[in-house]
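K.L.:
model this:
(2 chains)
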Amino acid sequence: NAGVIQTPRHKVTGKGQEATLWCEPISGHSAVFWYRQTIVQGLEFLTYFRNQAPIDDSGMPKERFSAQMPNQSHSTLKIQSTQPQDSAVYLCASSLRGGDEQYFGPGTRLTVL
Amino acid sequence: GEQVEQLPSILRVQEGSSASINCTYENSASNYFPWYKQEPGENPKLIIDIRSNMERKQTQGLIVLLDKKAKRFSLHITDTQPGDSAMYFCAASAGTQVVGQLTFGSGTRLQVYA
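P.N.:
Got it, this is the predicted structure:
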């Protein structure tokens, strides 16, 4: 079991550029969560899929952020027109059903210059 | 939504002693309370959790207590070792059918010194 896989591990973008982050959940897990971690804000929930359907995106900034789960083996988080305040570690987690134990991937460290 | 308060933010204990971290939550519908350990540069790792049908759970030197009435839960690390030094996060989640996302506390930096 490879655990949750996230790519890339590090990404540097210029202000205004687009960033796409990838997550591969643990095989057989039906729920995928995206979180963001910064020193100031801590760990914040962004969005959540169950069986590929979006369940709750209440943590997503309304503009520029979008997430998809086109199939059961991967999810993407896209940030358009990145801003310096988007700099953070973006963590993906998966769980068997949602409401169960969540296992985190290694994260993608996004730096917006 | 849910709010989770975690204290203390920094905890220094001597090797071999116990360490306790406390969290409170607001949403009475919260029913799942995991604890994560995060070492520098690493992802958060689940170390123990408790559900609302339990008041106490223990595993490998870790004890979690849950007081639903007070909306309070705590982590107790017995016989601390240098390897226990890390950030610890508590979290709360409400429900398994509708809402599953975790609301995290702000974290506790545990430092175990010799």
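K.L.:
interface residues of chain A facing chain B?
P.N.:
Listed as neighbours of chain B in chain A under the rule Cβ under 8 Å from any Cβ of the partner chain: A:31, A:33, A:35, A:42-45, A:48, A:50, A:55-56, A:58-59, A:91, A:95, A:97-107. Any C-beta I mention is one placed from the backbone N, CA and C, and that applies to glycine too.
K.L.:
please check those residues and keep the buried ones.
P.N.:
Neighbour counting by 16 or more other Cβ atoms under 10 Å in any protein chain shown classes A:31, A:33, A:35, A:42-45, A:48, A:50, A:55-56, A:59, A:91, A:95, A:98-100, A:102-107 among these as buried.
K.L.:
bridged to A:L21, which residues?
P.N.:
Beta-bridge partners for A:L21, by DSSP bridges, are A:L77.
K.L.:
sort out for me which of the residues of chain A next to chain B are in strands.
P.N.:
Mapping the residues of chain A next to chain B onto strands (DSSP state E) picks out A:31, A:33, A:35, A:42-45, A:48, A:50, A:55-56, A:91, A:95, A:103-104.
K.L.:
identify the farthest-apart pair in the residues you listed.
P.N.:
Using Cβ to Cβ, the pair of those lying farthest apart is A:G42 and A:R50, separated by 24.3 Å.
K.L.:
quick one: low-confidence parts of chain B?
P.N.:
Within chain B, the stretches with pLDDT under 70 are B:95-99.
K.L.:
at the contact with chain A, which residues of it appear?
P.N.:
So chain B meets chain A at B:1, B:32, B:34, B:36, B:42-46, B:49, B:89, B:91, B:93, B:95-107 (Cβ under 8 Å from any Cβ).
K.L.:
what pairs with the strand or helix carrying A:V12, parallel or antiparallel?
P.N.:
Assigned by DSSP states H and E, A:V12 belongs to strand A:10-13. Sheet pairing here is set by DSSP bridges, and for strand A:10-13 it gives strand A:108-112 (parallel).
K.L.:
so which residue is dead centre in chain A?
P.N.:
A:W34 (3.6 Å; Cα atoms, centre = their mean).
K.L.:
wait, what's in contact with that one?
P.N.:
By Cβ atoms under 8 Å, 6 or more residues apart in numbering or on different chains, the residues touching A:W34 are A:23, A:45-48, A:67, A:75, A:77, A:90-93.
K.L.:
so where's chain A uncertain?
P.N.:
For chain A, the stretches flagged by pLDDT under 70 are A:1, A:98-99.
K.L.:
re earlier: the nearest residue to the residue nearest to the centre of chain A once chain neighbours are set aside: neighbour count?
P.N.:
Leaving aside its sequence neighbours, A:W34 sits nearest to A:L46 (Cβ to Cβ, 6 or more residues apart in numbering or on different chains; 4.2 Å). Using other Cβ atoms under 10 Å in any protein chain shown, A:L46 is surrounded by 21 other residues.
K.L.:
residues contacting A:L46?
P.N.:
Counting by Cβ under 8 Å, 6+ apart, A:L46 touches A:33-36, A:57, A:59-60, A:65, A:67, A:77, A:90.
K.L.:
switch the cut-off to 10 Å
P.N.:
A:33-36, A:56-61, A:65, A:67, A:77, A:90-92, B:101 (Cβ atoms under 10 Å, 6 or more residues apart in numbering or on different chains).
K.L.:
ok, B:S85 next?
P.N.:
Neighbouring residues of B:S85 by Cβ under 10 Å, 6+ apart: B:12-13, B:15, B:19, B:37, B:39-40, B:109-113.
K.L.:
rerun that using 7 Å as the cut-off
P.N.:
B:110-112 (Cβ atoms under 7 Å, 6 or more residues apart in numbering or on different chains).
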